[in-house]
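> predicted structure and sequence below. I'll ask about it afterward.
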2 protein chains.
Amino acid sequence: MVRPLAVAMSGLMLLGGGAKVAAPVEEPALSYTATGEMKYPEHYREWVYVTSGLGMSYQPKASAGSMGPMFDNVFVNPAAYKAFVATGTWPDKTALVLELRASETKVSIDQHGSSQGAVMGVEVHVKDATLPGGWGFFEFDPDKPAPAKIVERPASCYTCHEAHGAVDTSFVQFYPTLIGIAKEKKTLSAAYLKEMPAATK
Amino acid sequence: MVRPLAVAMSGLMLLGGGAKVAAPVEEPALSYTATGEMKYPEHYREWVYVTSGLGMSYQPKASAGSMGPMFDNVFVNPAAYKAFVATGTWPDKTALVLELRASETKVSIDQHGSSQGAVMGVEVHVKDATLPGGWGFFEFDPDKPAPAKIVERPASCYTCHEAHGAVDTSFVQFYPTLIGIAKEKKTLSAAYLKEMPAATK
């Protein structure tokens, strides 16, 4: 199986001179065990970054515990990102990863504000037409990234995303490079437009 | 030039069946005008994300102005990221992009903390063996991303990065997935080891 690869690489190299190269054939973003558990998405840090927040909470009471406020970083698999840029919505098998990290202060020469520390949690929101509601949540323990079972419905993650997500139950309103695309492509959800009527202006 | 591409893609497809596909041939991360100005790196948001901070400042006085604290997001071109993971340091032509974004509060249903708003600045730190000191800084105006001239030495960005950067004048101490690799590969800078003797333990 080495020979076809060598041919392929030569073919790509021939393009040279600043020509656009072909997109690679992408492997599936996620994989599952034989019993349907999602395997830990090891390479999500190499996916496309969509945003970060610090200390965000949708509850009236701040959720910061003894660890202080946490950073949340969100990543999406590259194929889904490209589809969103083209269409304003997510294709089937989209995988959004929410990574929670401790915030740290005065690291090295930093005198103010917060920088990022250890991973405190990893959650995946996957679009899957075979699931009730079309999306599923999976929560991983970053200290022991074993395969995770789906979060069963009913659960607040589903109801909150369905009631407030700007696009297809996802929180695109917090993704600054994508919300404008959704507005332009008119893919904002009915729930979001009702809650945020100014969003279309 | 279409034919070699078709051959290349067939070659890649033949691997199929879950085999690892070849990495694509990457285009240069950066390009320059005929007069040596750096062109705005339009696709940096699709590069590899390394970290974010909020309100960070290396000065005794916090730098937050009337806009409040800013988020900083850092991206690196994929080829340089892969080389760092393999070697613990940056190859020539590494491009690190620092994106500054406004922080916003109470966006949509968020009740606490901060989410990200508009781009307030884009700075590139490029490793280039043809430059004095081996690295150059370029600052772009995100409202009008015209080509940028190099920041001339002497300037505080150079002296601060050279005095405090954990790896090769870059602030890897703030990149949580990379600092451990530098420690393991023993690529931490002499300046950093002197300042942070505990970093090797």
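Perfect, I can see it now. Numbering: from 1, shown residues only, chains lettered A, B, ... in the order given.

> can I get stretch A:46-55 in CSV, CA atoms only?
Coordinates of each C-alpha in stretch A:46-55 appear next as CSV, following Å, rounded to 0.1, in the frame of the first residue of the first chain:
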residue,chain,number,x,y,z
GLU,A,46,-6.1,20.0,16.0
TRP,A,47,-9.6,20.7,14.9
VAL,A,48,-10.9,24.3,14.1
TYR,A,49,-11.2,26.5,17.1
VAL,A,50,-14.4,28.6,17.3
THR,A,51,-14.2,30.5,20.6
SER,A,52,-13.3,30.7,24.3
GLY,A,53,-15.1,32.2,27.2
LEU,A,54,-14.1,32.7,30.9
GLY,A,55,-16.4,32.0,33.8
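
> and the helices in chain A, which stretches?
A:2-15, A:78-87, A:156-164, A:179-185, A:190-195 (DSSP state H).

> centre of the chain versus the shortest one, how much separation?
Computed by CA atoms, centre = their mean, to the nearest Å, the separation of helix A:190-195 from the middle of its chain amounts to 22 Å.

> cool, and the second one?
Distance, stretch centre to chain centre, for helix A:78-87: 12 Å (CA atoms, centre = their mean).

> residues in contact with that helix?
With contact meaning CB atoms under 8 Å, 6 or more residues apart in numbering or on different chains, helix A:78-87 is reached by A:23, A:26, A:29, A:47-48, A:50, A:76, A:89-91, A:93-96, A:127, A:178, A:181, A:185, A:187, B:46. Using the backbone N, CA and C atoms, a C-beta is placed for each residue, glycine as well.

> just the buried ones among those, please.
In terms of neighbour count (16 or more other CB atoms under 10 Å in any protein chain shown), the buried residues within the contacts of helix A:78-87 are A:29, A:47-48, A:50, A:76, A:89-90, A:93-96, A:127, A:178, A:181, A:187, B:46.

> pLDDT weak spots in chain A?
Low-confidence regions of chain A, defined here as pLDDT under 70, cover residues A:1-27, A:62-66, A:200-201.

> nearest residue to the middle of chain A?
A:Leu96 (2.4 Å; CA atoms, centre = their mean).

> name whatever forms a beta bridge with that one.
Taking DSSP bridges, one finds A:Val76, A:His125 as the beta-bridge partners of A:Leu96.

> chain B versus that one, what's the distance?
Look at A:Leu96 and chain B: by CB to the nearest CB, to the nearest Å, they are 14 Å apart.

> distance check, A:Asp72 against A:Thr51.
Using CB to CB, to the nearest Å, A:Asp72 is found at 8 Å from A:Thr51.

> tell me the contacts of the closest residue to A:Gln59 other than its chain neighbours?
Counting by CB to CB, 6 or more residues apart in numbering or on different chains, B:Gln111 is the residue found nearest to A:Gln59 once chain neighbours are left out, at 6.4 Å. If a contact means CB under 8 Å, 6+ apart, then B:Gln111 has A:57-60, A:62 as its contacts.

> can I get these in CSV including neighbour count?
As requested, the contacts of B:Gln111 are exported to CSV (neighbours: other CB atoms under 10 Å in any protein chain shown):
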residue, neighbour count
A:Ser57, 17
A:Tyr58, 14
A:Gln59, 11
A:Pro60, 7
A:Ala62, 13
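
> and these, which of them are in strands?
Taking DSSP state E as the definition of strands, the contacts of B:Gln111 contribute A:Ser57.

> from the contacts of B:Gln111, which two are the most distant?
Between all members of the contacts of B:Gln111, the longest pairwise span (CB to CB) is found for A:Tyr58 and A:Ala62 and amounts to 10.7 Å.

> the residue nearest to the centre of chain A reaches A:Phe75, doesn't it?
Yes: with contact defined as CB atoms under 8 Å, A:Leu96 reaches A:Phe75; the gap is 7.4 Å.

> overlap in contacts, those two.
With the criterion set as CB under 8 Å, 6+ apart, the overlap between the contacts of A:Leu96 and A:Phe75 is A:Val50.

> what about the spatially closest residue to A:Glu139 that is not a sequence neighbour, how many neighbours?
Of all residues not flanking A:Glu139 in the chain, A:Glu123 sits nearest, at 5.0 Å (CB to CB, 6+ apart). Applying the criterion other CB atoms under 10 Å in any protein chain shown, we find 18 residues in the vicinity of A:Glu123.

> A:Glu123 is in contact with A:Pro142, isn't it?
No: using CB under 8 Å as the test, A:Glu123 is too far from A:Pro142 to be in contact (10.3 Å).

> not counting its neighbours along the chain, what's nearest A:Asp92?
Here the nearest residue to A:Asp92 in space, its sequence neighbours aside, is A:Ala129; by CB to CB, 6+ apart that works out to 5.2 Å.

> what count of nearby residues applies to the one you found?
A:Ala129: 8 neighbours (other CB under 10 Å).

> now do the contacts for the nearest residue to A:Gly121 once chain neighbours are set aside.
Spatial nearest neighbour of A:Gly121, chain neighbours left out: A:Leu100 (4.0 Å); criterion: CB to CB, 6+ apart. Residues near A:Leu100 by CB under 8 Å, 6+ apart: A:70-72, A:119-123.

> go with 6 Å
A:70, A:72, A:120-121 (CB atoms under 6 Å, 6 or more residues apart in numbering or on different chains).

> roughly how far apart are the residue lying closest to A:Val167 once chain neighbours are set aside and chain B?
In this structure, A:Val167 finds its nearest non-sequential neighbour in A:Ala182, 4.9 Å apart by CB to CB, 6+ apart. Here the distance between A:Ala182 and chain B works out to 13 Å (CB to the nearest CB).

> I am finished for the moment; much appreciated.
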